[in-house]
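>>> Here is a sequence together with a model predicted from it:
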Amino acid sequence: MTDLKSSMRVLLTGFLMGMAEVVPGVSGGTIAFISGFYERLLAGLSGLRPELLTVLWRSGLRAAWQKSDGTFLSLLFGAMSVSILIFATVIKGALVTYPIAMWSFFFGLVLASSVLMYRQVSHRTVEHFLVLGIGLALGLLLQRLLPVTLEATPGAMFMGGAVAICAWILPGISGSFLLLLLGLYSGVLAAVSSLAWAQLIPFALGAGLGLIAFANVLKRLFHHVRDWILMFLIGLMLGTLVRLWPWQQVTSYQLQASGTEQVPLVQNPVMPGVFESLTGEPAQLSVAGLSAGFAIVLVYGFERLSQPRRTDV
C-alpha cells in the first residue's frame with residue numbers, strides 16, 4: 001500500500017463489494033473486476049496456504065504479512081464486512097419501499113459491468129461467443145430454479161457460506177442468489193442484521209475455507225484460459241438481468257418460517273405496461289430510467305477512477 005489515495009480506492013472497492021453481495025443477482029466479484037483488483041485478490045487469497053506458516057516461523061510476521069498481501073486483503077474485507085452490516089437492513093427495506101428504483105439501479109449496474117468485462121476480452125472468435133451463449137443459457141436456467149427450504153442450522157450455514165463465497169468471487173454469479181436458491185438468504189440476512197453469532201460463525205468458517213480453496217482454482221483458470229472464462233461469466237451476468245428486470249409478475253409466494261411474511265417465489269419479467277395492468281401500480285418509467293442511468297454512470301466513473309493506477313495498490 002503506497003499512499004492514502006490507493007488505500008481509499010481499496011476501501012471503496014470493498015464497500016461496494018459488500019453492498020453488491022446483499023442483493024440477489026449482483027456479484028461482489030464483478031465490482032472487484034471492474035476496479036482492477038480482481039487478479040490481485042485471487043493472488044492474495046491463493047497465497048493463504050499452510051506454507052505461509054513456514055514463512056511466519058522462519059522470517060517473522062512482517063514477511064508473512066507482505067507475502068500474503070495482508071494490508072490489501074484486510075482493507076478490502078474490512079470495508080466489505082462493514083458495508084454488509086450497514087446494507088443488510090438498508091437495502092432490504094429499500095427493495096420493499098422503492099422496488100422499481102432499486103431493481104433498475106442493479107439492472108444498470110450489471111449491464112454496464114458486463115460491457116466493461118467484454119472490453120477486456122482479447123480474442124472474440126465464434127467459439128468464444130458459443131461459450132458466452134452457454135453462460136447465458138446457464139444464467140437463464142438458474143433464474144428458473146425454485147428455491148429449496150433449509151433450516152438455518154450450523155451445518156446448513158457452513159455449507160451455505162462455502163457455496164455462496166464461490167459465487168461471490170466469480171464475476172457474474174451472485175452469492176446472495178445462491179443463498180436464495182438454498183433457502184438460506186432470509187436466515188443469513190436476519191443473522192447479519194441481529195448479529196446472531198451462533199449462525200454467523202459457522203457461515204464465516206464455511207466461507208473462509210471455500211474462498212481459499214476456490215481462489216487457487218480460479219487463479220489457474222484465469223492464467224491459462226482468461227478469455228474463455230470472461231466470455232462465460234459475461235453470459236452468466238446477462239442471464240441474471242432477467243431476475244433484475246424491474247417489472248415482474250409474481251406467480252407464487254413462499255411463506256416465511258415466521259408465518260407472518262410472504263416473499264415472491266416465482267416471478268416472470270413483463271413489459272412496464274403489462275405490469276401496470278396486472279398490479280394497478282405505476283411503472284415509474286422515469287424513475288427506472290434515472291436509476292439505471294445513475295448506475296451506469298457510477299460503474300463507468302468507478303472504472304475510470306481505478307484505471308490510471310491499476311497496478312500500484
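On my side now, so go ahead.
>>> Now do the helices in the stretch 51-200 of the chain.
In the stretch 51-200 of the chain, the segments counted as helices under DSSP state H, counting those that start in this stretch are 51-59, 61-67, 70-97, 99-119, 126-144, 154-169, 175-182, 185-194, 197-224.
>>> Any buried residues in the fourth one, and which?
I take that to be helix 99-119. For helix 99-119, burial by neighbour count (16 or more other Cβ atoms under 10 Å) applies to 100-114, 116-117. The way it works is simple: take the backbone N, C-alpha and C, and place the C-beta from them, glycine included.
>>> same question, the shortest one
Going by neighbour count (16+ other Cβ under 10 Å), the buried part of helix 61-67 is 64-65, 67.
>>> C-alpha coordinates for that helix, PDB please?
Taking Å, rounded to 0.1, in the frame of the first residue of the first chain, the C-alpha atoms of helix 61-67 are listed here in PDB:
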ATOM      1  CA  LEU A  61       5.200 -11.700  11.000                       C
ATOM      2  CA  ARG A  62       6.200  -8.900   8.700                       C
ATOM      3  CA  ALA A  63       7.400 -11.200   5.900                       C
ATOM      4  CA  ALA A  64       4.300 -13.400   6.200                       C
ATOM      5  CA  TRP A  65       2.100 -10.300   6.100                       C
ATOM      6  CA  GLN A  66       3.800  -9.000   3.000                       C
ATOM      7  CA  LYS A  67       3.800 -12.300   1.200                       C
END
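>>> Just list what that helix packs against, helices and strands only.
Using 3 or more Cβ pairs under 8 Å, 6 or more residues apart in numbering; DSSP states H and E, the elements in contact with helix 61-67 are helix 51-59.
>>> ok, now how distant is Ile91 from Pro99?
Separation of Ile91 from Pro99 (Cβ to Cβ, to the nearest Å): 11 Å.
>>> Mean confidence (pLDDT) on stretch 126-142, please.
Per-residue pLDDT over stretch 126-142 has a mean of 89.
>>> ok, residues contacting it?
Residues from elsewhere that reach stretch 126-142 (Cβ atoms under 8 Å, 6 or more residues apart in numbering): 121, 172, 177, 181, 227-228, 231-240, 242.
>>> quick one: that stretch to chain centroid distance?
For stretch 126-142, the distance from its own C-alpha centre to the chain's C-alpha centre is 19 Å (Cα atoms, centre = their mean, to the nearest Å).
>>> what do you get for stretch 104-118?
Chain-centre distance of stretch 104-118: 12 Å, with Cα atoms, centre = their mean.
>>> who's in contact with it?
Taking Cβ under 8 Å, 6+ apart as the rule, stretch 104-118 contacts 20, 23, 25-26, 30-31, 33-34, 171-172, 230, 233-234, 237-238, 240-241, 244-246, 287-289, 291-296, 298-300, 303.
>>> Would you show me how to pick out the buried ones of those residues in ChimeraX?
The command below creates a ChimeraX selection of those among those that count as buried (16+ other Cβ under 10 Å):
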select :20,23,25,26,30,31,33,34,171,172,230,233,234,237,238,240,241,244,245,246,288,291,292,295,296,299,303
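>>> Which ones among the contacts of stretch 104-118 map onto helices?
Among the contacts of stretch 104-118, the residues falling in helices (DSSP state H) are 20, 30-31, 33-34, 230, 233-234, 237-238, 240-241, 244, 287-289, 291-296, 298-300, 303.
>>> The nearest residue to Leu221 once chain neighbours are set aside: neighbour count?
Once flanking residues are discounted, Leu221 sits nearest to Ile229: 5.4 Å by Cβ to Cβ, 6 or more residues apart in numbering. By other Cβ atoms under 10 Å, the residues close to Ile229 number 19.
>>> Quick check: the gap between Ile229 and Gln248.
Taking Cβ to Cβ, one finds Ile229 at 30 Å from Gln248.
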